[in-house]
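Chemist: Below are the sequence and a predicted model for it; my questions follow.
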Amino acid sequence: MKKTAIEVYALLVCLGAMTCLSVNIGLVLHDTVSLVKPSLTISTYQYNNHQNNDNYWQHQVGQSNIIQLNDLTLNPKKDKKFVKRPTKNELTQQRLDSYQSVIEAERRSAIRDLIFEFIVILVSSILFFTHWRFVLHEKK
């Protein structure tokens, strides 16, 4: 059964569209999990830094070039002033607020990615069905 160049083109477009659909369905599932349970999909680095006050404080110290000396910290960028570690309650509140921000950022990212993936699925579906109809029409 010999195929015309146009039929081969249409079949290749269908193959590409199906590949895009397959990949995007997996991404939609991942982003759906990110939307429903973002704590499962945040990075391990972020997750570990928000598990307790010590990890959070170490993360804050390392992130802003602060040198830690026991309960005092030295920030070379800010006139070499010592900064005392916040109290347990203050640090806990900062950590929980930061964790909530990370969770909200993960949700926002999931929503943005889902919108993009649904657009790709829509375009791929249109390409697939229009070209598949052409292939079916050519067979008759």
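Modeler: Everything's here; your move. Numbers count the residues shown, from 1 in each chain.
Chemist: any idea how far the residue sitting nearest the centre point of the chain is from H59?
Modeler: The centre of the chain sits closest to S109, judged by Cα atoms, centre = their mean, with a distance of 5.4 Å. Noted for S109: a distance of 20 Å to H59, by Cβ to Cβ, to the nearest Å. In this view, the C-beta of every residue, glycine as well, is placed from N, C-alpha and C.
Chemist: can you check R85 too?
Modeler: 13 Å.
Chemist: Surely S98 touches H50?
Modeler: Yes: counting by Cβ atoms under 8 Å, S98 does reach H50; the two are 6.5 Å apart.
Chemist: list residues touching both of the two?
Modeler: Counting by Cβ atoms under 8 Å, 6 or more residues apart in numbering, the common neighbours of S98 and H50 are Y56.
Chemist: Of the two, which one has the most company?
Modeler: The residue with more neighbours, out of S98 and H50, is H50; 21 against 16, by other Cβ atoms under 10 Å.
Chemist: tell me, how many neighbours does the nearest residue to that one once chain neighbours are set aside end up with?
Modeler: Leaving aside its sequence neighbours, H50 sits nearest to Y99 (Cβ to Cβ, 6 or more residues apart in numbering; 4.1 Å). Counted with other Cβ under 10 Å, the neighbours of Y99 add up to 18.
Chemist: Run through the neighbouring helices and strands of the helix or strand where Y99 lies.
Modeler: For Y99, the element it lies in under DSSP states H and E is helix 88-139. In terms of contacts (3 or more Cβ pairs under 8 Å, 6 or more residues apart in numbering; DSSP states H and E), helix 88-139 is packed against helix 5-36, helix 53-63.
Chemist: Redo the ones you listed as TSV? Include mean neighbour count and mean pLDDT.
Modeler: As requested, these are exported to TSV (neighbours: other Cβ atoms under 10 Å; pLDDT from 0 to 100):
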stretch	mean neighbour count	mean pLDDT
helix 5-36	15	95
helix 53-63	15	80
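Chemist: Many thanks, we can stop here.
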